[in-house]
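**Q** I would like to see how this sequence folds:
(one chain, ligands or ions: 2)
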Amino acid sequence: MKYKIKPDDFEGYGSVVRSDGKLDWGDKLYMTTNPIHMRESHLFPELPSPLRWDAISVVNYYPPCSKPELVMGLAPHSDATVITILNQLNGVDGLHIKKDSVWIPVSILPEALAINLGDILEIMSNALYQSVEHRASINSVKERISIAFLVGPNFDARSLINPENPRTEEYFKSFFSRKLKGKTNLEYMKIENGESLHHNI
Ligand SMILES: O=C(O)CCC(=O)C(=O)O
Ligand SMILES: [Fe+2]
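**A** Ligands and ions are numbered 1, 2, ... in the order given. Here you go, the predicted model:
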């Protein structure tokens, strides 16, 4: 398939095996839309008109499963974004957010967009705004489709990080190589008194 995720990549269509070897019960079409030079050209047969922000679009397709309690549509995580704009296309709910250690199902109003705060906003605001841990569940009879528009800082912002302290680059690398597990990537990247806390997680 033309849009299939290539080995050692995470953009394209499909599901990426994370380090625990499990797949999510859903497929993604994942593509960086801006900046233009970071677009993977095989995913863009006809380039859409330029967008102002650095952004990634993800289309999530969750097929129904007769035993939804046994599978996870999308494992708990927080997004590697400033904000994520979520458009639930076919009126089937499935998003849950974690508040005070409790999972709360989110009922998204028809034609409304849901906005999730991401890790980069938490980092930029020194945790004044905290990213939301969320997951997607599966419906037993209906498929579910959502489009996530992931808005991040300008990718060139990475060049502000000096070679001795390339945290942003590392953050993205570890986000995509570690398994999705709540907000552990943010914890993993935290620095206290100039020391990385890496090793505890
Ligand atoms: O499908 C959903 O409701 C959530 C999607 C999501 O969390 C993501 O694409 O990062
Ligand atoms: Fe997400």
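**Q** For the one residue sitting closest to the centre of the chain, which three-state class applies?
**A** For the chain, residue 79 is the residue whose C-alpha lies nearest the centre (CA atoms, centre = their mean; 4.2 Å). Secondary structure state of residue 79, per DSSP: H, G, I helix; E, B strand; the rest coil, is coil.
**Q** show me the contacts for it.
**A** Shown in contact with residue 79 (CB atoms under 8 Å, 6 or more residues apart in numbering): 116, 118-119, 131, 148, 150. In this view, the C-beta of every residue, glycine as well, is placed from N, C-alpha and C.
**Q** ditto for residue 32
**A** Going by CB under 8 Å, 6+ apart, residue 32 touches 11, 38-40, 55-56.
**Q** one more time with 7 Å
**A** 11, 38-39, 56 (CB atoms under 7 Å, 6 or more residues apart in numbering).
**Q** repeat for residue 25
**A** 62, 65, 71-73, 138.
**Q** JSON lines for the residues you listed, including pLDDT, distance to ligand 1 and neighbour count?
**A** Formatted as JSON lines, the contacts of residue 25 follow (pLDDT from 0 to 100; distance: CB to the nearest ligand atom, whole Å; neighbours: other CB atoms under 10 Å):
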{"residue": "62", "pLDDT": "94", "distance to ligand 1": "7", "neighbour count": "25"}
{"residue": "65", "pLDDT": "93", "distance to ligand 1": "15", "neighbour count": "18"}
{"residue": "71", "pLDDT": "88", "distance to ligand 1": "14", "neighbour count": "16"}
{"residue": "72", "pLDDT": "87", "distance to ligand 1": "12", "neighbour count": "18"}
{"residue": "73", "pLDDT": "91", "distance to ligand 1": "7", "neighbour count": "23"}
{"residue": "138", "pLDDT": "94", "distance to ligand 1": "11", "neighbour count": "25"}
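**Q** Just the closest of those to residue 184, please.
**A** Closest approach between the contacts of residue 25 and residue 184, by CB to CB: residue 72, at 16.0 Å.
**Q** ok so the closest one is a helix residue?
**A** No. Remark: residue 72 does not belong to a helix; assigned using three-state DSSP, it is coil.
**Q** okay but it is in contact with residue 26, surely?
**A** No. Assessed by CB atoms under 7 Å, residue 72 is found out of contact with residue 26, at 8.9 Å.
**Q** Tell me the confidence at the residue nearest to the centre of the chain?
**A** Residue 79 is assigned a predicted lDDT (pLDDT) of 93.
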